[in-house]
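Asks: How does the following fold in three dimensions:
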Amino acid sequence: MDYDLDVDPALAAAVLEIEAHHAAAGWDQPAGLYALVDTAQLVAHEPQLAAALGLDAPREQGSLTPIQQEELRADQPLEDVLPSIVWPGGVHGCAAVVERLVLPPAADGQVPEDPAEAEEFVREHPGREEVRIVAGVTRHGSTYCAVRLRNHDEDSSVMGGRDLVPGLLELLRGTLDDTDDTGEPESEGDGR
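Replies: Modelled structure (predicted):
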């Protein structure tokens with residue numbers, strides 16, 4: 001994997017940790033959503049949880065801990081759920097995991113406009129690839145993505161970069177916006 005000097009190492013490590021966790025569970029998994037919290041703050045505020053996770057403040061300084069959220073409903077696509085989520089201030093970032101079918105660039109312009117026809121077209125296309133995407137963002141604006149292709153399902157083949165999935169990153173950024181339409185801070189909720 002090439003190293004991008006502009007990448008936030010804490011975010012990249014958290015995204016890759018999430019990807020490895022999902023890789024261990026295998027394919028055909030539902031979408032997942034994670035809060036990313038400052039590990040040192042987690043240790044300070046939740047010492048029993050931190051101890052259960054094997055975390056200690058000095059070793060974890062500057063890292064992010066992914067906290068998996070409740071499983072999303074299978075009948076609601078992640079892209080439809082994200083606009084309704086606002087994370088509380090203690091959440092430094094978030095990440096999402098999705099599995100998708102992607103087409104080669106040669107298929108551009110061939111996908112039907114009708115959503116049902118487009119879904120069938122993609123599902124039946126001989127050049128389709130199944131991928132697992134993990135995308136993460138922080139409140140500071142850092143982004144990182146990891147992508148694994150099903151037909152190259154080795155840890156060494158995971159691709160990483162800051163903006164591999166711009167549409168998903170933008171949706172995730174929107175969940176970290178802590179102001180409402182009036183410019184006033186949102187009340188803190190549970191991220192759901």
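Asks: tell me the phi and psi of the residue nearest to Gly141 when sequence neighbours are not counted?
Replies: Spatially, and ignoring its direct neighbours in sequence, Gly141 is nearest to Arg173 (8.0 Å; CB to CB, 6 or more residues apart in numbering). From N, CA and C alone the C-beta is placed, and that goes for glycine too. Backbone dihedrals for Arg173, given as degrees, to the nearest 10, come out at phi -60, psi -40.
Asks: pLDDT on stretch 74-86, on average?
Replies: In this model, stretch 74-86 carries a mean pLDDT of 89.
Asks: Could I get the full set of helices for this structure?
Replies: Listed in chain order, the helices of the chain (DSSP state H) span 9-25, 39-45, 47-53, 57-60, 78-81, 115-124, 166-175.
Asks: list the helices and strands the first one packs on?
Replies: Which is helix 9-25. If contacts are counted by 3 or more CB pairs under 8 Å, 6 or more residues apart in numbering; DSSP states H and E, helix 9-25 sits against strand 32-38, strand 64-68, strand 93-102, strand 129-138, strand 143-149, strand 159-161.
Asks: Format these as JSON lines; extra columns: distance to Ile18 and mean neighbour count.
Replies: As requested, these are exported to JSON lines (distance: least, CB to CB, whole Å; neighbours: other CB atoms under 10 Å):
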{"stretch": "strand 32-38", "distance to Ile18": "6", "mean neighbour count": "23"}
{"stretch": "strand 64-68", "distance to Ile18": "5", "mean neighbour count": "20"}
{"stretch": "strand 93-102", "distance to Ile18": "6", "mean neighbour count": "22"}
{"stretch": "strand 129-138", "distance to Ile18": "5", "mean neighbour count": "23"}
{"stretch": "strand 143-149", "distance to Ile18": "8", "mean neighbour count": "23"}
{"stretch": "strand 159-161", "distance to Ile18": "12", "mean neighbour count": "17"}
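Asks: between those strands, which gets nearest to Gln48?
Replies: Of all the helices and strands packed on helix 9-25, strand 64-68 sits nearest to Gln48, with 14.4 Å by CB to CB.
Asks: where does the protein have its least confident helix or strand?
Replies: None of the helices or strands of the chain scores lower by mean pLDDT, DSSP states H and E than helix 57-60, at a mean of 53.
Asks: what's the distance between the nearest residue to Val147 once chain neighbours are set aside and Pro88?
Replies: Nearest residue to Val147, sequence neighbours excluded (CB to CB, 6+ apart): Met159, at 4.7 Å. Met159 is 32 Å from Pro88, where distance means CB to CB, to the nearest Å.
Asks: Report pLDDT for Gly183.
Replies: Per the predicted model, pLDDT is 38 at Gly183.
Asks: Hmm, I typed the wrong one, I wanted Glu119.
Replies: Model confidence at Glu119, given as pLDDT, is 85.
Asks: No further queries at this time; thank you.
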